[in-house]
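Peer 1: this one's structure only:
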């Protein structure tokens with residue numbers, strides 16, 4: 001049919017190709033093995049309207065594990081014995097969810113502004129006429145991804161609240177051939193956005209949607225599309241709900257780390273090249289932030305404070321732009337989330353905000369009663385736009401290397417370390433070894449993780465504690481660098497690809513390894529603050545950390561009770577808190593968020 005790309009290959013236990021998968025309006029498998037094809041046809045007859053997949057089998061293929069799913073079936077898993085045709089249910093996903101209350105999802109297609117056919121999926125509220133309904137355009141992220149037929153949590157939630165829901169595979173989505181993918185090149189906010197707008201027209205022309213009650217919602221690229229929708233087509237939407245959506249494409253592309261060079265090339269090809277004047281003009285034209293003065297649609301902006309892909313500044317700046325216009329905007333920020341919400345309580349609070357917001361502007365339903373913990377969490381996430389400020393960036397040229405007043409606390413220190421992400425908690429082992437030699441201070445940090453050991457070793461100047469050498473090794477990553485007070489040089493190797501490090505720093509690099517101990521050598525006192533240069537290995541450029549003693553407090557750790565200086569160190573990568581022993585100046589405790597892990601929390605305590 002030549003409508004979709006090849007999706008996947010299915011192999012037997014003998015590594016023979018027995019089937020090929022294609023995801024059209026629904027997934028289909030072309031079985032090359034006639035016996036398996038007959039068995040699958042027999043199984044599919046037992047589950048009409050559902051998708052049946054082989055997800056496991058014994059080596060002799062005598063017993064299969066199959067999954068069954070559909071738009072109204074989140075998933076069932078069975079053991080199947082082909083010889084006897086016996087099916088045994090193992091479990092159901094979300095078994096308490098009433099299947100009879102779920103709404104059907106229908107594949108549809110419509111033409112966009114230039115005649116391009118757009119594959120889409122429509123879910124209508126169950127039990128009523130599909131006429132003049134409030135509607136939500138739910139836009140997928142990526143944008144180089146695709147929507148498919150099947151159980152969709154957001155579709156079911158919104159349909160249950162009374163909305164028609166349309167998700168479209170706009171141009172640039174994957175799975176429909178290179179021509180369809182490449183049609184999205186340089187079209188963020190333009191023809192890609194038209195594909196969404198013409199979806200609204202489709203629903204209105206079919207009599208399904210009330211043209212005055214259409215909302216747009218999505219996360220990541222879908223969040224961008226939401227901002228673009230209310231900024232570039234302000235008369236189309238009655239409400240917008242943007243989740244971790246970038247508002248400025250120039251700053252989004254500037255955040256790509258240098259080591260991700262292949263990804264940079266692809267994004268410049270797909271989005272536009274900000275290194276050229278034409279590209280810069282395109283970025284400005286396609287950035288909702290620069291059209292914030294045109295927004296007149298009620299808007300909710302949702303952000304994870306630790307998002308490594310779409311920085312919080314992306315949301316802060318458009319909230320500020322609307323606030324300064326005295327235009328009402330609602331803002332939710334989760335301090336313990338990254339690129340999208342992972343914690344159930346945060347998601348529940350966000351959904352409460354969504355259903356209340358859409359009820360206000362579209363007229364659907366919302367749940368009147370609210371569990372106390374969800375209500376409390378929603379209050380915690382809600383930010384007053386009047387209090388939003390853009391973080392003042394400390395320029396590297398403004399920071400002077402602080403002068404230590406003592407040496408490092410030499411010794412070998414063992415720490416208990418934990419990483420907490422949502423309900424998961426991983427225990428780690430960490431150590432720091434500090435000793436003074438003829439060439440300077442040798443500092444070595446080690447961390448044992450489920451993925452192997454990480455080792456970070458540095459040589460620091462005896463008097464200034466400035467970095468002279470550094471070596472990092474963790475799995476496929478290896479970094480070797482040398483530094484003077486003005487320059488850093490070396491190599492960054494990841495997965496066999498090596499990138500040269502050669503950067504001017506404008507001053508000495510401080511606190512690169514075991515920063516808690518380096519801080520301990522400074523003249524700490526209540527209210528003491530300083531700023532110093534470091535080096536961002538991901539971005540391969542100098543960074544600045546601003547440190548301040550915010551309290552003197554006693555802390556209890558496995559090694560005992562200590563009176564400590566509590567020091568907050570802030571940089572573009574977030575805030576790290578150190579508790580440093582007042583007497584011995586050793587690191588007692590540390591707490592940090594990990595943006596690269598979606599806001600997971602790392603805590604270390606001295607053993």
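Peer 2: That came through fine. Note that this is a predicted model, so its numbers are computed, not measured.

Peer 1: all helices of this protein, in order?
Peer 2: Read by DSSP state H, the chain holds these helices, from start to end of the chain: 34-46, 153-160, 178-182, 191-205, 221-232, 249-254, 261-271, 277-286, 312-324, 344-362, 372-381, 515-520.

Peer 1: among these, which is nearest residue 168?
Peer 2: Taking Cβ to Cβ as the criterion, helix 191-205 is the member of the helices of the chain that comes nearest to residue 168, at 4.8 Å. To be clear about C-beta, it is placed using only N, CA and C from the backbone, and glycine gets the same treatment.

Peer 1: How much space separates residue 201 from residue 137?
Peer 2: Distance of residue 201 to residue 137, computed by Cβ to Cβ, to the nearest Å: 11 Å.

Peer 1: One more: residue 228?
Peer 2: Relative to residue 137, and taking Cβ to Cβ, residue 228 is found at 12 Å.

Peer 1: Ok, residue 39 next?
Peer 2: For residue 39, the distance to residue 137 (Cβ to Cβ) stands at 41 Å.

Peer 1: neighbour count winner among these two?
Peer 2: Residue environment comparison for residue 39 versus residue 137 gives the larger neighbour count to residue 137, 28 against 19, counting by other Cβ atoms under 10 Å.

Peer 1: What is the burial count for the nearest residue to that one once chain neighbours are set aside?
Peer 2: The spatially closest residue to residue 137, leaving aside those adjacent along the chain, is residue 216, at 4.6 Å (Cβ to Cβ, 6 or more residues apart in numbering). Using other Cβ under 10 Å, residue 216 is surrounded by 31 other residues.

Peer 1: ok now do residue 216, which residues does it touch?
Peer 2: Each residue near residue 216 by Cβ atoms under 8 Å, 6 or more residues apart in numbering is listed here: 136-137, 139, 196, 225-226, 229-230, 236-237, 239-241.

Peer 1: hey, what's it bridged with?
Peer 2: Listed by DSSP bridges, the beta-bridge partners for residue 216 are residue 137, residue 240.

Peer 1: Identify each buried residue in the one helix or strand in the chain whose mean pLDDT sits lowest, please.
Peer 2: Within the chain, confidence by mean pLDDT, DSSP states H and E is lowest for helix 261-271 among all helices and strands, at a mean of 81. The neighbour-count check on helix 261-271 (16 or more other Cβ atoms under 10 Å) flags 267, 268, 270, 271 as buried.

Peer 1: who's in contact with that helix?
Peer 2: The set of residues that contact helix 261-271 without belonging to it, under Cβ under 8 Å, 6+ apart, is 144, 172, 184-186, 188, 249, 253, 256, 258, 274-275, 279, 497, 499.

Peer 1: what about this protein, any weak spots by pLDDT?
Peer 2: Low-confidence segments of the chain (pLDDT under 70): 1, 257-262, 391-400, 422-423, 451, 594-599.

Peer 1: so what's the residue nearest the centre of it up against?
Peer 2: With distances taken as Cα atoms, centre = their mean, the chain has residue 339 as the residue nearest its mean C-alpha position (2.2 Å). With contact set as Cβ under 8 Å, 6+ apart, residue 339 has these partners: 220, 244, 304, 307, 308, 309, 310, 598.

Peer 1: Same question for residue 191.
Peer 2: Going by Cβ under 8 Å, 6+ apart, residue 191 touches 112, 113, 114, 116, 171, 183, 184.

Peer 1: now swap in residue 99 and tell me
Peer 2: Contacts for residue 99 (Cβ under 8 Å, 6+ apart) come out as 72, 73.

Peer 1: Make sure residue 146 is actually in contact with residue 171.
Peer 2: No. Under the contact definition of Cβ atoms under 8 Å, residue 146 does not touch residue 171, with a separation of 11.4 Å.

Peer 1: These two - which one has more neighbours?
Peer 2: Each of residue 146 and residue 171 has its neighbours counted (other Cβ under 10 Å); residue 171 has more, 23 against 20.

Peer 1: Just give the number of residues close to residue 199.
Peer 2: Other residues lying near residue 199 total 26 when counted by other Cβ under 10 Å.

Peer 1: Which residue, other than its chain neighbours, is closest to it?
Peer 2: The spatial neighbour of residue 199 that comes closest, neighbours along the chain excluded (Cβ to Cβ, 6+ apart), is residue 168 at 4.8 Å.

Peer 1: Relative to residue 236, how far out is the one you found?
Peer 2: With Cβ to Cβ as the criterion, residue 168 and residue 236 are 14 Å apart.

Peer 1: do the same with residue 272
Peer 2: 24 Å.

Peer 1: re the thing from before, derive a PyMOL selection command for the buried subset of the contacts of residue 216.
Peer 2: Only the buried members of the contacts of residue 216 end up in this PyMOL selection, burial being decided by 16+ other Cβ under 10 Å:
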select buried, resi 136+137+139+196+225+226+229+230+236+237+239+240+241
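
Peer 1: Residue 18: which of the contacts of residue 216 is nearest?
Peer 2: residue 139 (36.4 Å).

Peer 1: which ones are touching the closest one?
Peer 2: Shown in contact with residue 139 (Cβ under 8 Å, 6+ apart): 167, 168, 170, 196, 216, 217, 218, 221, 222, 225, 226.

Peer 1: Looking at the residues you listed, which one is closest to residue 67?
Peer 2: Within those, distances to residue 67 taken as Cβ to Cβ reach their minimum at residue 167, with 22.3 Å.

Peer 1: Might one say that residue 177 is in contact with residue 5?
Peer 2: Yes. Look at residue 177 against residue 5 with Cβ under 8 Å: they come within range, at 6.0 Å.

Peer 1: any common contacting residues for those two?
Peer 2: Listed as contacting both residue 177 and residue 5 by Cβ under 8 Å, 6+ apart is no residue at all.

Peer 1: ok, residue 94 - how many residues close by?
Peer 2: Applying other Cβ under 10 Å, we find 11 other residues in the vicinity of residue 94.

Peer 1: Report the contact partners of it.
Peer 2: Neighbouring residues of residue 94 by Cβ under 8 Å, 6+ apart: 74, 75.

Peer 1: Any figure for the gap between it and residue 102?
Peer 2: When distances are taken as Cβ to Cβ, residue 94 and residue 102 turn out to be 10 Å apart.

Peer 1: for this structure, longest strand please?
Peer 2: strand 541-557 (DSSP state E).

Peer 1: In that one, which residues are buried?
Peer 2: The neighbour-count check on strand 541-557 (16+ other Cβ under 10 Å) flags 541, 542, 543, 544, 545, 546, 547, 549, 555, 557 as buried.

Peer 1: Could you do stretch 176-189 as well?
Peer 2: Applying a neighbour-count criterion of 16+ other Cβ under 10 Å, one finds 176, 180, 181, 183, 184, 186, 187, 188, 189 buried in stretch 176-189.

Peer 1: For the residues you listed, name the two members farthest from one another.
Peer 2: Spatially, the most separated pair among those is 176 and 189, at 20.6 Å (Cβ to Cβ).

Peer 1: quick one on the thing from earlier: okay, the residue nearest to the centre of the chain and residue 593: tell me how far apart.
Peer 2: For residue 339, the distance to residue 593 - Cβ to Cβ - is 13 Å.
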